[in-house]
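Participant: Predicted model and sequence follow; I will ask about them next.
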Amino acid sequence: MLHSDETSDGGVAALGAQDLGRALCIVSGASRGFGRALAAQAAALLRPGSVLLLVSRSGDRLRELQAHIGASSGGRDGLHVRCVVADLGEQRGVEETLRVVKESAAADMMEHLLLVNNAASLGDVSRFATSFTDLSEVNHYLSLNVSSALSLTAAVLSVFPRRPGLRRTVVNISSLCALQPFPSWVLYCTGKAARDMMFRVLAVEEPDLRVLSYAPGPLDTEMQVQARVNTGDPNLRSTISTMQAQGQLLTCEESSAKLIKVLLEDSYQSGAHLDFYDL
């Protein structure tokens, strides 16, 4: 079933004169799944002079998306799409992303900074909390899923400080797992809960920022397949499998279209956690 803000191919339909402005739009984890769908839809709403930065560890997939956006735009002038191949779980990945940010867009020429912190991993969901005795394993997970989101956001905001005429938006791709405990998903739940609080603090500290944590709902992605196969808790694994079997999963295009609509309407409370099913 199509929603009023979707086209037949899952894209965002025209919403009056609304768009994302002349923007630097950064999407981490853009090579697949939700990040890929969101980047493709956002591209259609960026004004000439905008820069779209696609960040991921997978260079081949990023370049494929870059070509897809170029073909979809029909050669539309004025949108610059750049790929940043980087592992955000490592310091050098954050530094490389920031380097490209600095060279890609003149901060004083942009009307809108839009940073979407989407990069994340499920972690080992085959085990329970009491098995995670290896500090280095836990730290490695948190480096990508928590630390990098804070470091990247802080670094990008330092390049784009508050000024008249600049709208700054930071999006955290969240989950129901930020609010509810899922047995055998201790790493994922911990990471999502920490990120939600991190961005709530940011919203309080920086009142000019528009900060949103968006839970996209149960998506039909590679991560969902991983969850169906590997989840250690049998009841949770059964629930996940049943959702897939009964066609209850959302497409990435459907969920990302709803996020774009929320961003265009811009009526949410900064720092809020919004779920696909709340909207």
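Facilitator: Ah, there it is. Fair warning: this is a prediction, and the values are worked out from it, not measured in the lab.
Participant: what about the strands in the stretch 51-200 of the chain?
Facilitator: All strands of the stretch 51-200 of the chain, identified by DSSP state E, counting those that start in this stretch, fall at 79-85, 112-117, 167-173.
Participant: among those, which is nearest residue 68?
Facilitator: strand 79-85 (9.8 Å; CB to CB). For every residue, glycine as well, the C-beta is placed using N, CA and C.
Participant: Buried residues of the worst-scoring helix or strand of the chain on mean pLDDT, list them for me.
Facilitator: Here the helix or strand of the chain ranked lowest by mean pLDDT, DSSP states H and E is helix 59-72, holding a mean of 93. For helix 59-72, a neighbour-count test (16 or more other CB atoms under 10 Å) marks 61-62, 65-66, 69 as buried.
Participant: cool, and stretch 202-219?
Facilitator: Buried-residue list, stretch 202-219, by 16+ other CB under 10 Å: 202-203, 206, 209-219.
Participant: what do you get for stretch 158-176?
Facilitator: Buried residues in stretch 158-176 (16+ other CB under 10 Å): 160, 166-176.
Participant: farthest-separated two in these?
Facilitator: Between any two of the buried residues of stretch 158-176 (CB to CB), the greatest distance is 32.8 Å, for 166 and 176.
Participant: on that earlier part again, switch the buried residues of stretch 158-176 over to JSON lines; also include pLDDT and distance to residue 189.
Facilitator: Listed next are the buried residues of stretch 158-176 as JSON lines, based on pLDDT from 0 to 100; distance: CB to CB, whole Å:
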{"residue": "160", "pLDDT": "95", "distance to residue 189": "31"}
{"residue": "166", "pLDDT": "95", "distance to residue 189": "35"}
{"residue": "167", "pLDDT": "96", "distance to residue 189": "32"}
{"residue": "168", "pLDDT": "98", "distance to residue 189": "29"}
{"residue": "169", "pLDDT": "98", "distance to residue 189": "26"}
{"residue": "170", "pLDDT": "98", "distance to residue 189": "22"}
{"residue": "171", "pLDDT": "98", "distance to residue 189": "20"}
{"residue": "172", "pLDDT": "98", "distance to residue 189": "15"}
{"residue": "173", "pLDDT": "98", "distance to residue 189": "15"}
{"residue": "174", "pLDDT": "98", "distance to residue 189": "11"}
{"residue": "175", "pLDDT": "98", "distance to residue 189": "8"}
{"residue": "176", "pLDDT": "98", "distance to residue 189": "9"}
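Participant: any idea which of these is closest to residue 256?
Facilitator: The closest of the buried residues of stretch 158-176, once distances to residue 256 are taken by CB to CB, is residue 173, at 9.8 Å.
Participant: any idea how far that closest one lies from residue 275?
Facilitator: Note on residue 173: its distance to residue 275, by CB to CB, to the nearest Å, is 12 Å.
Participant: Contact partners for residue 270?
Facilitator: 203, 207, 209-212 (CB atoms under 8 Å, 6 or more residues apart in numbering).
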